[in-house]
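>>> give me a model of this one.
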Amino acid sequence: MLANQEVVLEGNLGVTKSLIGQAEDLAAEHEAFNTNYVIGGRKALYSLLGKIAVLVDQFDAAVDKADLIKIVRKNLQEQYGIKTQDNTSDVTVLVRYITRADRKTAHVYARAIQTARVNQIAPAQFTEYLEQAGGIEQIRAIGVDTQAAEAIQDLEEEQLSLAYEFLNARTEMPFASFDAPKAFNGIYSKSCTYEYVICSVSANGQYNVLGKLPAEVTFEHYAIRFFSKHLCKDIDQARTGVAKVVTEAQKRRAVREAVDQAKHEVREEMNQSKNQSI
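This is a model prediction of the structure:
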């Protein structure tokens, strides 16, 4: 009888060890899954969002940004059946185009990108910034705690958009133009849209160009955001004023392009006549 009990106990102990062993095996499997897929996947996602943030900056700096966003919206609807609202931010539109994510997920991703941009986070630091901020969900939660926070974010986005529209339009009708001196040779950046000169103002109100700053992406982001707040102190007036500048720029661009086309056609005709006479 005692021997039978010992056999049963040994059998139960073997089953217990076997179950614990299985639990340990599953724990190890979970740890590997967490490391390889959860943590690794999150970092891969943050890296992707950082790349999207860089693309957003490039879109913002494009002269034909409005047309590009229209194309993106059109492709989203026609190719993927995703329709965006008129008040959907450009960042969210791009996020949906790239990720094909649902509206809620795209909004979370866009919020993370917008928050990083507002804080002037460099692309190389994007993943680390999101990790330290508690992840994209934490950023979203902080960003949408109140309607006031949403309104401030939306206003900043609109101010920045208006600033880029204004500057892009002004390329057709600048306040002033001058030939750069030789001292400026080599002081430029292929990664920046704008260049920066240092000026002083004489007693008679004349601006004197004193030097040139090397263009740098982080500085450009700061400068444009600072300019956007100055330009849009009164957002209603800014909307109206920028719209007028853009309309006038479009008219001048159309005239310029028509003149260039006419000159091209004249040159072509002259070349043809010259070839025929030879």
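
>>> quick one: distance of stretch 199-216 to the chain centre.
Chain-centre distance of stretch 199-216: 31 Å, with Cα atoms, centre = their mean, to the nearest Å.

>>> check stretch 41-58 too.
Centre-to-centre, stretch 41-58 and its host chain are 9 Å apart (Cα atoms, centre = their mean).

>>> average pLDDT for that stretch, rounded please.
What stretch 41-58 shows for mean pLDDT is 85.

>>> same question for stretch 22-37.
72.

>>> kindly export that stretch (C-alpha atoms) in CSV.
Provided in CSV are the C-alpha atoms of stretch 22-37 (Å, rounded to 0.1, in the frame of the first residue of the first chain):
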residue,chain,number,x,y,z
GLN,A,22,5.8,24.0,-19.9
ALA,A,23,5.0,27.3,-18.1
GLU,A,24,8.7,28.2,-18.2
ASP,A,25,9.0,27.4,-21.8
LEU,A,26,5.9,29.5,-22.6
ALA,A,27,7.4,32.3,-20.5
ALA,A,28,10.6,32.2,-22.6
GLU,A,29,8.5,32.1,-25.7
HIS,A,30,6.6,35.2,-24.6
GLU,A,31,9.8,37.0,-23.7
ALA,A,32,11.2,36.3,-27.2
PHE,A,33,7.9,37.4,-28.8
ASN,A,34,7.9,40.6,-26.7
THR,A,35,11.5,41.4,-27.7
ASN,A,36,11.2,40.5,-31.4
TYR,A,37,7.7,41.6,-32.2
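
>>> which residues sit against stretch 232-240?
For stretch 232-240, contacts defined as Cβ atoms under 8 Å, 6 or more residues apart in numbering pick out 155, 158-159, 162-163, 231. (C-beta placed from N, C-alpha, C; glycine too.)

>>> again, 7 Å this time
155, 158-159, 162, 231 (Cβ atoms under 7 Å, 6 or more residues apart in numbering).

>>> and the helices in the stretch 101-250 of the chain?
Under the criterion DSSP state H, counting those that start in this stretch, the stretch 101-250 of the chain contains helices at 103-118, 126-132, 136-143, 147-170, 217-231, 235-277.

>>> check the contacts of stretch 232-240 and tell me the two furthest apart.
Pairwise distances across these (Cβ to Cβ) peak at 12.8 Å, for the pair L155 and L231.
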